[in-house]
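Enquirer: I'd like to go over a predicted model; first the sequence, then the structure.
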Amino acid sequence: MGIIIEDRLYYVHAKGLSMILENRDGDLLLKHLGKSIKKYNFSNTIFEKDHAFSATQNPDDRTYSYDTQRQAFGVHGFGDFRHPSIKIEHDNNELTHFKIKESQILDYEVDAKGLPNPHSREETETLLLILEDEVSELELRIYYTAYEDSPTISTFTSLVNKSNQEVVIHRDLSAMFDMPASSYDIISLQGAYAREKTLRRRKVDQGMFSVFSNRGASGHSQTPAIILAETLANEDYGEAWALQLMYSGNFQANVEKSQLNEVRMSIGIADDNFSWRLKPGESFDTPVALLTYSDKGLTKLSQESQSFVQNHIMAKNFAYEKRPILINNWEATYFDFDKEKLSSLTDEASKLGIELFVLDDGWFGNRFDDNRALGDWQVNEEKIGCKLSELISDVHKKGMKFGLWVEPEMISVDSDLYRKHPDWAIQAPKRGHSYSRNQLVLNLANPEVVAYLKEILDDLLSNHDIDYIKWDYNRNITNIGNGKDYLETMEQSHKYMLGFYDLVKYLTEKHSDVLFESCSGGGGRNDLGVMRYFPQVWASDNTDAISRLPIQYGSTFLYPTISMGAHVSASPNHQMKRVTPLKTRGHVAMMGNFGYELDLSKLSEEEKNEIKEQVNLYKEIRPIIQFGRQYRLINPVEETNEVAVEFVKDDRILVTYVRKLSTIEEIETTLKLKGLEEESIYRLHGTNKVYSGAELMYAGLTIVMNGGDFLSKQYYFTKIEA
Ligand code: DGJ
């Protein structure tokens, strides 16, 4: 475990994962990234032959070319014709030839400055490689941290300008890994607004495949992550590597199969809207990238990624803290609420055992619709019929926690804030504005704006007994032009992210007992950078149970269930107009961080009783879902009519099965459970039926559904003996 430097090899050993790097006359080569190897004897010959049109540096050796070597960073412009990880403008060119100058083993944490970093690395070791490009006098410091409790390596780089002239960074990726020639698939989590995180699996073929965002946020339609998997890999078999970025802004994640069938994976800040001026003596840190490995298929990869997020990314005080069942008034009232409506909703919610009430958009300023008032964070006491503190204490008296919606990064043109500070919005001279939801984005690259938001939000949280914040972000960034010159404008997008992280770090550390949930019209900024400060993310504005299946399923590939907000909403559903049984809506939302978002006063007594039962059940099974291991049994993207997911925690198992459309014949579905003890006996709740673990895993559960669309079943087992 940890880091070993032996002759010209660097071993980075995490739990069940080894990365082996070679120092070949100063060049940084990647020999292995996969299952643990304790001793490497160069059995794995690197491609070395005289390859036509591949340049070499040494006229006496035509077999060694950067184009044919597997690298881990940084030689650019000397015959490696693949996508370079670094591009720096200096001396009228962008050539860089970084050579290893020094290596160190560090037993302390090194953080990427101003960016989200994993925590709890006290017992980890870090390999620091210091490379130098003599001509440009730039230093590239690469950090690789290996984790004892996870097959994960985290990495970032720091570029230091040691010259006496300014250089300009045009690309500086966080990580790059050249993988051996083989047959791979690439898995990404993509989609759009209201259908986020849908699984896409494609064959890696010669050429370049890129997932990227230039929206100023990671976005609904892509996730800053790629999974490279052996073509034959499935849930239980095969090698797979997940490469993720702890960053919430513009990113690129690339997979490139070269002319020699080797595969380069890389991830980092996107090229669009990015350049960075590096003055003499300054340094630039990239966002942190994470590489997680599985030798046993995608289930193991997901479980390891999910545990890593819980153990090293989420705030420690929330990672293993059971999350409250909430009711949010958005789909119950939208902007149309008053004291009576809120009071009736909170009365009903508290009777049903709901634990947290969230007051959504519309409680401040002149905010009666989504055209105005963002930025005017004064409580509209006339609308809510009392002071905010009175509303909060009323909710507390009803036995629930209190949560509040905010959207601090935005400004409406029709707002007092805009009338006072029109220059605070992101905009370009002479170009007017581009509107989205009729709002503009505040320029968080401006420290004055960040300081203002810190003060406003700190006051709100310090003066009110708020337990939870829903932090929304409802548009993407356009019209970037606030810089004093071209380069300063090109720096704005990354500076925005540094301002955002500064703001949320300050607030979440100062108000560390407040649970923050991130939202961006649902999952428009659902990434590991956000999760460092927001232990929950609202997965999608699409609350329809059937549409939620692929969204929630996709999220499980990398993110823990505890991070994923999932609510029962009205039927017909407001987005899809689909009618689904309350039971199915409950079962689907229970596969996430459970809550409600509907007008309880419109429900029948029978429905309210059903909700009460759902709430009680979720309280009982919550640890299985929020802290258990997860197994995907039926994939709703490939098997389009069904989905099944299993959670296992200690002695308890929960299986959820949903069938979308009725079939003419009664078709049996066999669900072979996973992760149980063969010899143990499990009892199915609500029955006297008992099964051995072996029976459930190898013979399976046989499911037969009645006719009807959008039906579901939940199976809850407890181990009764070994
Ligand atoms: C978009 C969010 O995703 C919704 O849940 C709701 O909070 C609205 N914004 C409020 O404007």
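Expert: That came in fine, so what should we check first?

Enquirer: Can you report how many residues lie near His13?
Expert: 20 (other C-beta atoms under 10 Å). All C-beta spots, glycine's among them, are computed from the backbone N, C-alpha and C.

Enquirer: Tell me if I am right that it is in a helix.
Expert: No - under DSSP: H, G, I helix; E, B strand; the rest coil, His13 sits outside any helix and is assigned strand.

Enquirer: residues of stretch 606-615 that come out buried?
Expert: By 16 or more other C-beta atoms under 10 Å, the buried positions in stretch 606-615 come out as Glu610, Ile611, Gln614, Val615.

Enquirer: Which strand or helix spans the residue lying closest to Leu228 once chain neighbours are set aside?
Expert: Leaving aside its sequence neighbours, Leu228 sits nearest to Trp241 (C-beta to C-beta, 6 or more residues apart in numbering; 4.8 Å). Assessed by DSSP states H and E, Trp241 sits inside strand 240-245.

Enquirer: Residues touching the helix or strand just after that strand, excluding its own?
Expert: Using DSSP H and E, the helix or strand that directly follows strand 240-245 along the chain is strand 251-257. Here strand 251-257 makes contact (C-beta atoms under 8 Å, 6 or more residues apart in numbering) with 82-83, 173, 184, 186, 188, 204-213, 218, 224-226, 228, 243, 245, 263-271.

Enquirer: And these, which of them are buried?
Expert: The buried subset of those - by 16+ other C-beta under 10 Å - is 82-83, 173, 184, 186, 188, 204, 209, 211-213, 218, 224-226, 228, 243, 245, 263-270.

Enquirer: which ones among the residues you listed are found in strands?
Expert: Residues of the buried ones among the contacts of strand 251-257 located in strands (DSSP state E): 184, 186, 188, 209, 211-213, 225-226, 228, 243, 245, 263-269.

Enquirer: Roughly how far does the closest residue to Arg121 other than its chain neighbours sit from Glu122?
Expert: Once flanking residues are discounted, Arg121 sits nearest to Glu109: 4.7 Å by C-beta to C-beta, 6+ apart. Note on Glu109: its distance to Glu122, by C-beta to C-beta, to the nearest Å, is 7 Å.

Enquirer: quick one, which of the two is more surrounded?
Expert: Glu109 (15 against 8).

Enquirer: Checking my notes, the residue nearest to Arg121 in a strand, right?
Expert: No - Glu109 is assigned coil when assessed by three-state DSSP, not a strand.

Enquirer: Going forward, count from 55.
Expert: With the count now opening at 55, the last piece we talked about shows up as Glu163.

Enquirer: Now for it: which residues touch it?
Expert: Counting by C-beta under 8 Å, 6+ apart, Glu163 touches Asn171, Arg175, Glu176, Thr178, Thr180.

Enquirer: quick one: secondary structure of the first one?
Expert: Secondary structure, three-state DSSP: Asn171 is coil.

Enquirer: And for the third one?
Expert: For Glu176, the assignment made with three-state DSSP gives coil.

Enquirer: Which elements pack onto the strand holding Trp295?
Expert: strand 229-233, strand 279-284, strand 305-311, strand 317-323, strand 343-348, helix 351-362, helix 582-585 (3 or more C-beta pairs under 8 Å, 6 or more residues apart in numbering; DSSP states H and E).

Enquirer: Among the ones you listed, which comes closest to Pro635?
Expert: Pro635 lies closest to helix 351-362 among these, at 28.8 Å (C-beta to C-beta).
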